[in-house]
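Novice: Curious how this folds, go ahead:
(chains A, B, C and D)
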There are 2 protein chains.
Amino acid sequence: MKLAEAKLQFIASWGAFGTHWGINRTMAQIHALLLVSADPLNQDDIMEELNISRGNVNMNIRELIDWALVERVIVPGERKEFFTAEKDIWKVARLIVKERKKRELDPMLKLLDQLKEVEGDKKDKHVKQFTDTVAGIKRFGEQADKMLDVMVKADENWFVGSLMKFFK
Amino acid sequence: MKLAEAKLQFIASWGAFGTHWGINRTMAQIHALLLVSADPLNQDDIMEELNISRGNVNMNIRELIDWALVERVIVPGERKEFFTAEKDIWKVARLIVKERKKRELDPMLKLLDQLKEVEGDKKDKHVKQFTDTVAGIKRFGEQADKMLDVMVKADENWFVGSLMKFFK
DNA sequence: CCGTTCTTTCAATAAATTTTGAAAATTCAG
DNA sequence: CTGAATTTTCAAAATTTATTGAAAGAACGG
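Specialist: Below is the predicted model:
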């Protein structure tokens, strides 16, 4: 397989993959393109490679920068802005976990905290089922939260090393 | 907060949550409703509680059954089909991980295997960046794959117990 | 400053996804 | 079997989400 073809395949698949992970297709494709590009690209490069509009590139690049997956770089002698992606895949994973934890898990745990205070007779089976379910999810969520925190804070080598040992 | 209100809140939030996790809003809402219901419900119950059409309930229930998150139950003396959700949240998490691993991670790893065979001079920095990126993602993916396999196969107590100890 | 280049915004449009509901298929009791 | 009850299907409609592109805004060199 030729490089150009492989690149296209990778970008297409990473884009599809992204949609399953709370990242939109184009954002994931731009990310993919930058991941496999040796040098920083500017907006026009990205527009051309992915056949998308300037506005689209701009918005999604900004979103990637928000996630800290991409950063602006200054290329000496160039007026335009250039962009590169964080290439260390473990760091990428940690950034994604961190962001999604903040956006999804944390608010859910906060809500569950409120919901467990439901009024009513704890003997009533409907009340009981509700509070039991909420409590169960909360316990699980807190566990996950703790585990992800360790992952986000850990440095790669420690994390991989420990998990390797742990999982035989 | 009253039970009815709390239920609605829980269902709405679980639905929104679901959309971030590759599950569609209605499917997640039906799941939520069944999670907090003490008794099995039939299609009409669900239509009424969530204000959605029969076709919608039917399709999403079927999908939930595919994921093994919901099962049909026979209620003696009733002609209609009834449904309950798996209530053990750890089992639920394992079922979701299992399904998503199959649908997303496994195909991605297969693709990366092909992409690392790209032709061309390994000294060329563009080829090198591509193969390095692909190899890095592949290594990461295999790690995740192994870890998730352990999780899927493990029984809850072992898993929680071990993780608790591991993460202090 | 001024004109040019580049970036950002956002209303309009397009595309993708979800939902409906009525018709077809199936199931089941008598 | 028969016909009523129930489930399933799926094309059309509604809704949601993503994309465009032109106009406004910033930044910069001279």
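Novice: what mean pLDDT does the helix or strand harbouring residue A:141 have?
Specialist: For residue A:141, the element it lies in under DSSP states H and E is helix A:125-153. For helix A:125-153, mean pLDDT is 91.
Novice: give me every residue that touches the residue positioned nearest the centre of chain A.
Specialist: The centroid of chain A falls nearest to residue A:96 when counting by CA atoms, centre = their mean (2.8 Å). Residues near residue A:96 by CB atoms under 8 Å, 6 or more residues apart in numbering or on different chains: A:21, A:67, A:69. Bear in mind the C-beta positions are built from the backbone N, C-alpha and C, glycine included.
Novice: Narrow those residues to those that are buried.
Specialist: In the contacts of residue A:96, burial by neighbour count holds for A:67, A:69, counting by 16 or more other CB atoms under 10 Å in any protein chain shown.
Novice: What separation do you get for residue A:103 and residue B:125?
Specialist: Separation of residue A:103 from residue B:125 (CB to CB, to the nearest Å): 36 Å.
Novice: What of residue A:11?
Specialist: As judged by CB to CB, residue A:11 and residue B:125 stand 19 Å apart.
Novice: In terms of packing, which of the two has more residues around it?
Specialist: Neighbour count, other CB atoms under 10 Å in any protein chain shown: between residue A:11 and residue B:125, residue A:11 has more, with 20 against 11.
Novice: Please name the nearest non-neighbouring residue to the more buried one.
Specialist: The shortest distance from residue A:11 to any non-neighbouring residue, by CB to CB, 6 or more residues apart in numbering or on different chains, is to residue A:32 (4.4 Å).
Novice: Could you do residue A:26 as well?
Specialist: Spatially, and ignoring its direct neighbours in sequence, residue A:26 is nearest to residue A:60 (5.2 Å; CB to CB, 6+ apart).
Novice: helices or strands up against the helix or strand encompassing the one you found?
Specialist: Following DSSP H and E, one finds residue A:60 within helix A:54-66. When contacts are defined as 3 or more CB pairs under 8 Å, 6 or more residues apart in numbering or on different chains; DSSP states H and E, helix A:54-66 packs onto helix A:25-36, helix A:43-50, strand A:70-73, strand A:82-85.
Novice: What residues sit buried inside that helix?
Specialist: Using 16+ other CB under 10 Å as the test for burial, helix A:54-66 gives A:57, A:60-61, A:63-64.
Novice: tilt between it and helix A:43-50?
Specialist: 110 degrees (axes from the mean of the first three to the mean of the last three CA atoms, to 10 degrees).
Novice: Could you list the low-pLDDT ranges of chain A?
Specialist: Counting by pLDDT under 70, chain A contains low-confidence residues at A:156-168.
Novice: By proximity to DNA strand D, which residue of it wins?
Specialist: The minimum distance from chain A to DNA strand D, using CB to the nearest atom of the strand, falls at residue A:55 (2.0 Å).
Novice: Go through the helix holding residue A:141 and flag the buried ones.
Specialist: Neighbour counts over helix A:125-153 (16+ other CB under 10 Å) mark A:126-127, A:129-134, A:136-138, A:140-141, A:143, A:148, A:150-152 as buried.
Novice: Now look at it and say if it contacts chain B.
Specialist: Yes - using CB under 8 Å from any CB of the partner chain, we find that helix A:125-153 touches chain B at A:125-130, A:132-134, A:136-137, A:139-140, A:143, A:146-147, A:150.
Novice: related to what we said a few turns ago, are the helix holding residue A:60 and DNA strand C in contact anywhere?
Specialist: Yes - shown here: helix A:54-66 in contact with DNA strand C (CB under 7 Å from any atom of the strand) through A:54-55, A:58-59, A:61-62.
Novice: What of stretch A:69-77?
Specialist: No - against DNA strand C, stretch A:69-77 shows no contacts by CB under 7 Å from any atom of the strand, the least distance being 8.4 Å.
Novice: Would you mark the buried spots in that stretch?
Specialist: For stretch A:69-77, a neighbour-count test (16+ other CB under 10 Å) marks A:69-70 as buried.
Novice: from the chain's centre, how far out does it sit?
Specialist: Computed by CA atoms, centre = their mean, to the nearest Å, the separation of stretch A:69-77 from the middle of its chain amounts to 21 Å.
Novice: can that stretch be found next to DNA strand D?
Specialist: No - using CB under 7 Å from any atom of the strand, stretch A:69-77 stays clear of DNA strand D, with a minimum separation of 9.3 Å.
Novice: CA atoms only for that stretch, dumped as CSV, please.
Specialist: As requested, the backbone C-alpha atoms of stretch A:69-77 are provided in CSV (Å, rounded to 0.1, in the frame of the first residue of the first chain):
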residue,chain,number,x,y,z
LEU,A,69,-4.7,17.7,21.4
VAL,A,70,-3.4,20.2,19.0
GLU,A,71,-1.3,23.3,19.3
ARG,A,72,-0.5,26.3,17.3
VAL,A,73,3.1,26.6,16.2
ILE,A,74,5.0,29.5,14.8
VAL,A,75,6.8,28.8,11.6
PRO,A,76,9.6,31.4,11.1
GLY,A,77,9.1,33.5,8.0
